[in-house]
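**Q** Return a 3D structure for these sequence lines:
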Amino acid sequence: MKPRKIVPLAIGAAVCILTSCGSAPYPDGTFLSGETEDNGALGHVEPIPYETPSEEERKTPFPEPTPTLEPTPAPGPEKLTITISAAGDVTMGSYFDQGYYGTFDEMYDKEQNPAYFFENVYDIFSADDMTIVNLEGPLTLAQERREEQTYCIRGDPEYVKVLTAGSVEAVSMGNNHRLDYFEQGTADTVEALNGAGIPYAYDGYYGVYETAAGITVGFVSVNEVGQGAGVEKYIKEGIETLREQECGLILVCCHWGTEREYYPEDYQKALGRKCIDWGADLVIGHHPHVIQGIEEYQGKYIIYSLGNFCFGANRNPSDKDCLIVQQTFTFLDGVRQEETQLKVIPCSVSSVTNRNDYKPTPAEGEEATRILEKLNECSRDLGLVFDEDGIPAPAGTGNE
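**A** Numbers count the residues shown, from 1 in each chain. A predicted model of the protein is given here:
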């Protein structure tokens with residue numbers, strides 16, 4: 001028996017495929033779709049139309065595949081920092097019978113520019129989140145004064161422009177000169193401050209300032225010099241009130257101590273620590289007209305005296321040293337953290353040495369070193385020393 005010839009079948013199948021005449025049967029005798037078992041004829045197959053692409057279509061690249069997007073991570077807690085600057089006694093005006101020559105009043109009239117007085121510290125104050133000073137002496141035109149007071153201080157209500165031009169956002173008024181011109185003097189001062197948008201505090205009146213970042217800073221201001229331990233109720237109630245108002249920071253400003261003494265009294269130290277125990281975040285002291293030391297207590301700071309600052313009540317004070325103290329606080333989602341940083345900027349109440357030109361000026365070089373060494377001497381027994389940049393460290397760590 002001869003072998004079966006299969007080549008023609010293969011060739012025929014190939015020709016059939018190439019000529020679109022259908023498909024060959026499978027080896028088991030079945031046919032592809034479109035054929036009949038009777039005659040093997042292909043069924044009718046419609047040709048797929050083909051359209052020649054245009055020139056523009058040929059030049060158009062295929063679109064890039066869409067990348068797989070990674071899931072967006074959940075946002076973390078919002079962290080921000082708030083820097084508070086504090087400076088000491090600001091007396092805008094002069095005292096009764098001081099005369100006119102060489103006074104703050106004469107300088108204001110001569111310069112015709114409220115920005116003159118804080119010009120040399122403006123870069124510091126404008127870069128922080130809040131500046132607070134002690135406004136010592138009313139802004140009033142009232143004539144009736146406390147005749148038993150040795151120095152009755154007042155300034156024109158127009159002088160409030162010095163504060164706004166100098167980027168001062170808040171003032172403490174709890175001091176022994178607030179009532180030099182009785183309640184009328186206080187009322188006129190409050191009116192001037194309200195008109196300038198500057199919050200204030202004294203006794204049972206508590207101030208609140210909201211920073212640009214939305215952190216509210218509450219502050220209490222008391223005159224311990226005149227009221228002694230009676231101020232404790234104002235401090236304690238003030239802190240509680242401000243906490244209820246959900247203030248993010250609370251400052252307590254204390255007018256206390258003995259004039260021209262470089263070391264705090266025992267009651268200053270006791271009261272300062274009570275302020276911290278009651279919930280204050282920073283204690284700011286003034287009145288002695290000279291600088292006193294700084295203490296860290298329970299992780300917070302007590303500044304016993306900043307000294308004078310822009311002080312119109314003295315044409316030429318013998319001790320012109322003063323301080324700007326800045327503290328930077330950290331918040332996570334609006335909650336104050338333990339992380340903090342204090343910095344001292346040594347200054348002089350005047351830009352010249354032979355008189356008071358009422359222009360506080362940061363010290364430089366040897367003068368800055370001298371003032372910081374002086375602060376170290378006052379602070380060492382309180383447990384702190386400051387390096388050449390004004391940054392504190394515990395005494396005995398090598399910064400002396």
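
**Q** where exactly do the helices run in the stretch 251-400 of the chain?
**A** Along the stretch 251-400 of the chain, the stretches classed as helices by DSSP state H, counting those that start in this stretch are 266-278, 365-379.

**Q** In a markdown table, list those along with mean neighbour count, distance to residue 141 and mean pLDDT.
**A** To be clear about C-beta, it is placed using only N, CA and C from the backbone, and glycine gets the same treatment. Supplementary listing: the helices of the stretch 251-400 of the chain in a markdown table, determined by neighbours: other Cβ atoms under 10 Å; distance: least, Cβ to Cβ, whole Å; pLDDT from 0 to 100:
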| stretch | mean neighbour count | distance to residue 141 | mean pLDDT |
| --- | --- | --- | --- |
| helix 266-278 | 18 | 35 | 98 |
| helix 365-379 | 17 | 37 | 98 |
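
**Q** and those as CSV, adding distance to residue 188?
**A** Formatted as CSV, the entries for those read as follows, by distance: least, Cβ to Cβ, whole Å:
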stretch, distance to residue 188
helix 266-278, 30
helix 365-379, 36
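
**Q** do you know which of those lies nearest residue 287?
**A** With Cβ to Cβ as the measure, helix 266-278 is the member of those nearest residue 287 (9.8 Å).

**Q** Can you list the neighbours in contact with that closest one?
**A** Outside of helix 266-278, the residues that reach it under the criterion Cβ atoms under 8 Å, 6 or more residues apart in numbering are 224, 229, 231-232, 235-236, 239-240, 252, 254, 256-257, 264, 283, 285, 295, 297-298, 300, 302, 304.

**Q** quick one: the strands in the stretch 1-150 of the chain?
**A** Counting by DSSP state E, counting those that start in this stretch, the segments of the stretch 1-150 of the chain that form strands are 79-91, 94-95, 130-135.

**Q** Residue 353 is nearest to which of these?
**A** Across these, residue 353 has its closest neighbour in strand 79-91 (19.0 Å, Cβ to Cβ).

**Q** what does the average pLDDT come to for stretch 117-128?
**A** On average, the pLDDT along stretch 117-128 is 98.

**Q** Can you give the contact residues for it?
**A** 83-85, 87, 92, 107, 115, 131, 162, 165-168, 310, 324, 326, 345, 347, 351, 358-362.

**Q** Buried subset of those residues, written for PyMOL?
**A** Buried members of the contacts of stretch 117-128, defined by 16 or more other Cβ atoms under 10 Å, are picked up in PyMOL with:
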select buried, resi 83+84+85+87+92+107+131+162+165+166+167+168+310+324+326+345+347+358+359+360+361+362
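
**Q** Low-confidence ranges, this structure, go.
**A** Segments of the chain classed as low confidence (criterion: pLDDT under 70) are 1-70, 72-74, 397-400.

**Q** Counting by contacts, list what the helix or strand hosting residue 195 packs against.
**A** In the assignment (DSSP states H and E), residue 195 maps to helix 182-196. Counting contacts by 3 or more Cβ pairs under 8 Å, 6 or more residues apart in numbering; DSSP states H and E, helix 182-196 is packed against helix 160-165, strand 200-201.

**Q** now do 10 Å
**A** Counting contacts by 3 or more Cβ pairs under 10 Å, 6 or more residues apart in numbering; DSSP states H and E, helix 182-196 packs against strand 153-154, helix 160-165, strand 170-172, strand 200-201.

**Q** And for the last one, what's in contact with it?
**A** Right, the one you point to is strand 200-201. Here strand 200-201 makes contact (Cβ atoms under 10 Å, 6 or more residues apart in numbering) with 132, 135, 170-174, 186, 189-190, 192-194, 206-208, 218-222, 234, 238, 242, 251-253.

**Q** And those residues, which of them are buried?
**A** Buried residues within these, counting neighbours by 16+ other Cβ under 10 Å: 132, 135, 170-174, 186, 189-190, 192-193, 206-208, 218-222, 234, 238, 242, 251-253.

**Q** got CSV for the strands of the stretch 1-150 of the chain, with distance to residue 375 too?
**A** Rendered in CSV, the data for these read as follows (distance: least, Cβ to Cβ, whole Å):
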stretch, distance to residue 375
strand 79-91, 13
strand 94-95, 29
strand 130-135, 19
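
**Q** roughly how far apart are residue 226 and residue 152?
**A** Distance of residue 226 to residue 152, given as Cβ to Cβ, to the nearest Å: 15 Å.
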